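Peer 1: I would like to see how this sequence folds:
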Amino acid sequence: MKEKKDDKAMPVSSSIHGGMYQKATDRVEKVAHGIFITCAFAAVLAVASISLYMIINGVPAIFKVGLKEILFGTVWKPTAAEPSFGIAYVILTSIIGTLAAILIGVPIGVGTAVFLTEIASKKVAAIITPAVELLAGIPSVVYGLLGLLILNPLMYQLELHIFRDSKAHVYTGGSNLISAVLVLAIMILPTVISISSSALRAVPASLKNASLAVGATKMQTITRVLLPAAKSGIVTAIILGIGRAIGEAMAISLVSGSVVNIPLPFNSVRFLTTAIVSEMSYSQGTHRQVLFTIGLVLFVFIMIINLSLNRILKKGGKVER
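Peer 2: Below you'll find the predicted structure:
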């Protein structure tokens, strides 16, 4: 008689190979898990180290000079016989200059992103997109040189035309707040355009098709469906644009005049970043410590802006749900 074969029995070789494969998979998972934890720890350690370094080097001047004198003083004479370290005008310049650059650059950037993703033909988009990417790769000093050679002379002619009968006005040669704002607005365009375009492309096509199906026009679909759906990505673009604008030094040092002054449109001004760059090389003692305090103020500003915009974004998301 023939013995019946057990169909449920698994070959020994298959079970061995299966066990070895499972062990190899487990090892890969553990290694990947360790790598990811290490990367996350490195990122947190970097932020913590930068924060600690800025606090250690920026706080001593606050106790030596006084927080009120530094933040609300309007006179900056660090090398005088009786030095003054007021940076109120410098802080105000950074706030106004960054805000003005965002108000100019963000609408243009988002509008360009909408054009590239929803309106432009493939041929036109294929020409404009590399140009935007090229803008992102241009060094900041090149923007400053172009502003110095092209924008400042134009601002100087405008200055002569507006203040030709004024004896009280101090001519700046075009190195003023307007020039700095325009350069910053151009510099943040690549960031805003690229991230906004990615956010718009990530919106499900079903939302767009549903809007068009119920009779909405293309412009209504863009303004009432696509842009609200891509809000989180656009806000991210704005945050990164603010970080680029408030942290830029080299370009605006060439076009702003780098003078501590009231931030009026045709005044030469100094930003927080340019204050550090222009004086760190020869500073010493209390002067050098105050420059580190300016860096700490800049660091705190960026943190506050990021946390505030993220909180607004989260609240908006809760309301929509």
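Peer 1: Ala125 against Leu116, yeah?
Peer 2: Yes. With contact defined as C-beta atoms under 8 Å, Ala125 reaches Leu116; the gap is 5.1 Å. The way it works is simple: take the backbone N, C-alpha and C, and place the C-beta from them, glycine included.
Peer 1: In terms of neighbours, single out the busier of the two.
Peer 2: More neighbours surround Leu116 than the other of Ala125 and Leu116, with 21 against 15 (other C-beta atoms under 10 Å).
Peer 1: quick one: the more buried one and Glu29, what's the gap?
Peer 2: 40 Å (C-beta to C-beta, to the nearest Å).
Peer 1: Repeat that for Val235.
Peer 2: From Val235 over to Glu29 (counting by C-beta to C-beta), the distance is 35 Å.
Peer 1: Give me the more crowded residue out of those two.
Peer 2: Val235 (18 against 10).
Peer 1: how near is the more buried one to Val65?
Peer 2: 37 Å.
Peer 1: The stretch 151-300 of the chain: helices as residue ranges?
Peer 2: Counting by DSSP state H, counting those that start in this stretch, the stretch 151-300 of the chain has helices at residues 152-162, 177-201, 205-213, 218-221, 227-229, 231-247, 250-255, 272-279, 286-320.
Peer 1: Of the ones you listed, give the one that comes closest to Ile37.
Peer 2: helix 286-320 (23.9 Å; C-beta to C-beta).
Peer 1: Which of the helices of the stretch 151-300 of the chain sits closest to Val90?
Peer 2: By C-beta to C-beta (comparing all of the helices of the stretch 151-300 of the chain), the closest turns out to be helix 272-279, at 5.3 Å.
Peer 1: who does that closest one touch, helix- and strand-wise?
Peer 2: For helix 272-279, the elements it packs on are helix 88-114, helix 231-247, helix 250-255, helix 286-320, judged by 3 or more C-beta pairs under 8 Å, 6 or more residues apart in numbering; DSSP states H and E.
Peer 1: Helix 231-247 and that helix, what's the angle between them?
Peer 2: Using axes from the mean of the first three to the mean of the last three C-alpha atoms, to 10 degrees, one finds that helix 272-279 and helix 231-247 are set 30 degrees apart in direction.
Peer 1: as a whole number, average confidence for helix 272-279?
Peer 2: Average pLDDT, helix 272-279: 89.
Peer 1: and Leu45, how many residues sit next to it?
Peer 2: 10.
Peer 1: Check Leu212 too.
Peer 2: 14.
Peer 1: if I pick the nearest residue to it once chain neighbours are set aside, what's in contact with it?
Peer 2: Nearest residue to Leu212, sequence neighbours excluded (C-beta to C-beta, 6 or more residues apart in numbering): Thr221, at 5.9 Å. Listed by C-beta atoms under 8 Å, 6 or more residues apart in numbering, the contact set of Thr221 reads Lys208, Ser211, Leu212.
Peer 1: end-to-end on stretch 159-167?
Peer 2: One end of stretch 159-167 sits 13 Å from the other (C-alpha to C-alpha, to the nearest Å).
Peer 1: Okay, buried residues for it please.
Peer 2: Neighbour counts over stretch 159-167 (16 or more other C-beta atoms under 10 Å) mark Glu159 as buried.
Peer 1: List of residues touching it?
Peer 2: By C-beta under 8 Å, 6+ apart, the list of residues contacting stretch 159-167 reads His169, Tyr171, Thr172, Gly174, Asn176, Phe266.
Peer 1: roughly how far is that stretch from the heart of the chain?
Peer 2: Distance of stretch 159-167 from its chain centroid, counting by C-alpha atoms, centre = their mean, to the nearest Å, is 36 Å.
Peer 1: How about stretch 97-105?
Peer 2: Using C-alpha atoms, centre = their mean, the offset of stretch 97-105 from its chain centre is 12 Å.
Peer 1: can you check stretch 61-78 too?
Peer 2: So, by C-alpha atoms, centre = their mean, the centroid of stretch 61-78 is 28 Å from its chain's centroid.
Peer 1: Next: stretch 198-207.
Peer 2: 23 Å.
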